[in-house]
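Undergrad: any chance you could fold what I've pasted below:
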Amino acid sequence: MPSARPLMGFALIWSTTASAQSQVHRSVLYDFRAVPVVEGFRQPWSMAFLPGGDMLVTEKGGQLRMVRGGKLLPTPIAGVPAVLARGQGGLLDVVLHPNFASNRLVYLSYSKPIGDSTTATTAIGRGRLEGDRLADFKDIFVGQTRGAPGHYGSRIAFDKNGLLYFSIGDRMVAPTGDLAAHPAQSLANHQGKILRIHDDGRAPADNPFVGKDGAKPEIFSYGHRNPQALAVHPETGDVWATEHGPQGGDELNLIRPGLNYGWPVIGYGVNYGSGSAIHKGTHQTGMEQPVVFWVPSIGISGITIYTGDKFPAWKGSVFVGGLSGEQLGRLTLDGQKAELAETIFRHQGRIRDVRQGPDGFLYLAIDDTQKATAILRLEPIGRR
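TA: Numbering: from 1, shown residues only. Reported below is the predicted structural model:
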């Protein structure tokens, strides 16, 4: 397992011109601009690129929006499930089936109301995109979780074999008392887990805990706090996840089957406000170390592994977004080791999602109630 590297702070050189469109940002390898592609969203959470150039964007409040011809259509996509848009909940990730061109299936993760509709759990559903509506939408997975209206996880990623990985957070259950008894450490629920299913919701027979008494068969890894991004490496098939720490201790993890990633027994964060200790320590036998961790936290969210040709010197780099840190980080990969190369983008709002477009540009979803919400596209000016 690669050793973890703490990240304590980063330098960034950027211009002070007035608009994002004219602003020149300077990174180690490129000068570039962050160009607004489309604006007017209400807390965009995720985006998916359709064949032909359209884009689907989820809004946390419960709307699935279509961008067509560079414009946000005024009418949301119909057929989307009801969500509990409370706290960190709402309509969250959107991902296309690997065979979308033939089956038109769109997958959504969301906070599904349960019981008296004042509480919710993480659910994954799919529908067929017909024009500007989702037809025959149906849940394929509903998590067994409980807790506060937060830490829903909810990122989705498909691998080369068409298996679907997704995350569920610990639902903000306080890490007190016997830390080993925390729900994230139990295999009897879905809280604090990375899960793996077939595209129709069935648990694969070779999942690590299939057949184990009391264990949920969908579990792939456990001991997570709130994984808010997933990416499958297009060449190696490695599964990478970013995870929100508390006050300190955001993580980049290499996800492997059956392993325990330690929350809340070990970690690098402390309690909010007081700064008091949460964990037993930073290491324990049988629990995984992050490949990289951030102290202080950046509110890590969004990840993509770049393979495009618009920034050829960035090929193979991992890009991660930050919410509270309002930043985009670039990490280099060497096999299963990663290292922060630079923070290339700051102070343009909370970066909720990072995607590579089919045109080879990088796209950022800015989720911010204080600044203009938008999809930005990074465009190179020249190689340094």
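Undergrad: C-alpha only now, for contacts and for neighbours.
TA: OK.
Undergrad: next SSE after the helix-or-strand element of the chain with minimal mean pLDDT?
TA: Least confident element among the helices and strands of the chain, by mean pLDDT, DSSP states H and E: strand 13-14 (a mean of 26). Sequence-wise, the next helix or strand downstream of strand 13-14 (DSSP states H and E) is strand 25-26.
Undergrad: and the gap between residue 173 and residue 147?
TA: 6 Å (Cα to Cα, to the nearest Å).
Undergrad: same question, residue 93
TA: 20 Å.
Undergrad: the more surrounded of these two?
TA: Counted by other Cα atoms under 10 Å, residue 93 and residue 147 do not tie: residue 93 has more neighbours, with 28 against 16.
Undergrad: gap between the two ends of stretch 255-265?
TA: 18 Å.
Undergrad: give the buried residues for that stretch.
TA: Neighbour counts over stretch 255-265 (16 or more other Cα atoms under 10 Å) mark 255-257, 260-265 as buried.
Undergrad: likewise for stretch 362-376?
TA: Using 16+ other Cα under 10 Å as the test for burial, stretch 362-376 gives 362-368, 372-376.
Undergrad: could you dump these into CSV with distance to residue 347 and secondary structure added?
TA: Output for the buried residues of stretch 362-376, formatted as CSV (distance: Cα to Cα, whole Å; DSSP: H, G, I helix; E, B strand; the rest coil):
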residue, distance to residue 347, secondary structure
362, 17, strand
363, 16, strand
364, 13, strand
365, 14, strand
366, 11, strand
367, 13, coil
368, 11, coil
372, 12, coil
373, 13, coil
374, 14, strand
375, 15, strand
376, 13, strand
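Undergrad: and for residue 211, the neighbour number?
TA: Neighbours around residue 211, by other Cα under 10 Å: 12.
Undergrad: residue 219 is in contact with that one, correct?
TA: No: with contact defined as Cα atoms under 8 Å, residue 211 does not count as touching residue 219 (11.6 Å).
Undergrad: I'd assumed residue 348 was in contact with residue 325.
TA: No: when contacts are counted by Cα under 8 Å, residue 325 is not listed as touching residue 348 (10.2 Å).
Undergrad: how much space between residue 258 and residue 185?
TA: Residue 258 sits 12 Å away from residue 185, taking Cα to Cα as the criterion.
Undergrad: need the residues touching each of these two.
TA: Counting by Cα atoms under 8 Å, 6 or more residues apart in numbering, the contacts common to residue 258 and residue 185 are residue 222.
Undergrad: what residues are up against the most centrally placed residue in the chain?
TA: For the chain, the residue sitting closest to the mean C-alpha position, by Cα atoms, centre = their mean, is residue 229 at 2.0 Å. With contact set as Cα under 8 Å, 6+ apart, residue 229 has these partners: 155-156, 167, 241-243, 301-303.
Undergrad: one more time with 10 Å
TA: With contacts defined as Cα atoms under 10 Å, 6 or more residues apart in numbering, residue 229 is in contact with 93, 153-157, 166-167, 240-244, 252, 300-304, 320-321, 352-354.
Undergrad: what helix or strand is it located in?
TA: Element membership of residue 229, judged by DSSP H and E, is strand 227-232.
Undergrad: show me what that strand pairs with in its sheet, parallel or antiparallel.
TA: Paired strands of strand 227-232, with direction, are strand 239-243 (antiparallel) (DSSP bridges).
Undergrad: what's the mean pLDDT across the strand it pairs with?
TA: The average pLDDT for strand 239-243 rounds to 98.
Undergrad: continuing past that strand, what's the next helix or strand?
TA: Next along the chain after strand 239-243, with elements defined by DSSP H and E, is strand 250-255.
Undergrad: from residue 105, how far out is residue 134?
TA: Separation of residue 134 from residue 105 (Cα to Cα): 9 Å.
Undergrad: joint contacts of these two?
TA: With contacts taken as Cα under 10 Å, 6+ apart, the residues that reach both residue 134 and residue 105 are 126-128.
Undergrad: by neighbour count, which of those residues wins?
TA: Going by other Cα under 10 Å, residue 126 tops those with 26 neighbours.
Undergrad: if anything else comes up later, I'll come back, but that's it for now.
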